[in-house]
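In: Fold the following and give me the result.
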Amino acid sequence: MEIEMIKKHLKVTHSFEDDLIEMYVDWAKSDVIASVTTSDEVDMDYVEDNFQFQKAVILLTNFYFDQRLTISDKKQIEMPYGVLDAIQKLRGDEKVLIDET
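Out: Down below sits the predicted model:
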């Protein structure tokens with residue numbers, strides 16, 4: 001996923017937080033994969049091109065970006081439903097794991 005696409009979703013027009021956003025993207029990718037399977041045999045080419053994976057990563061990155069302050073006047077919000085929805089769909093996708101047959 002291109003950082004510019006992620007930044008459009010976050011409504012970020014500057015570049016001084018790019019390293020932070022990239023870190024959140026990495027966290028989101030790792031969390032989504034860990035939520036889908038415990039197997040080490042993940043077909044990352046398939047997964048990274050998968051719409052559900054992209055949706056989950058973008059939404060989770062947005063969540064991390066919005067909730068990054070430990071002290072806030074805002075009430076802590078729950079993770080977006082779309083992340084769980086995408087993870088559930090990925091769990092049911094047998095193409096996520098490398099077929100060794």
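
In: Any regions of this protein where pLDDT drops low?
Out: For the chain, the stretches flagged by pLDDT under 70 are 69-77, 100-101.

In: residue nearest the centroid of it?
Out: Geometric centre of the chain, nearest residue: residue 57, 1.6 Å, by CA atoms, centre = their mean.

In: Tell me who's in contact with the residue nearest to that residue when sequence neighbours are not counted.
Out: In space, and not counting its chain neighbours, residue 57 is closest to residue 28: 4.6 Å by CB to CB, 6 or more residues apart in numbering. (Each C-beta comes from the backbone N, C-alpha and C, glycine too.) Taking CB atoms under 8 Å, 6 or more residues apart in numbering, we find residue 28 in contact with 56-58, 60-61, 64.

In: The residue nearest to the centre of the chain is in contact with residue 25, isn't it?
Out: Yes - judged on CB atoms under 8 Å, residue 57 makes contact with residue 25 at a distance of 6.5 Å.

In: Would you pull up how far the longest helix anywhere in the chain lies from the middle of the chain?
Out: As assigned by DSSP state H, the longest helix anywhere in the chain is helix 18-36. Per CA atoms, centre = their mean, to the nearest Å, the displacement of helix 18-36 from the mean C-alpha position of its chain is 5 Å.

In: Does residue 89 lie in a helix or a strand, and which?
Out: helix 81-91 (DSSP states H and E).

In: circling back to that earlier point, out of the contacts of residue 28, grab the one that's most surrounded.
Out: residue 56 (28 neighbours; other CB atoms under 10 Å).

In: Can you tell me the closest non-neighbouring residue to that residue?
Out: Leaving aside its sequence neighbours, residue 56 sits nearest to residue 86 (CB to CB, 6+ apart; 3.7 Å).
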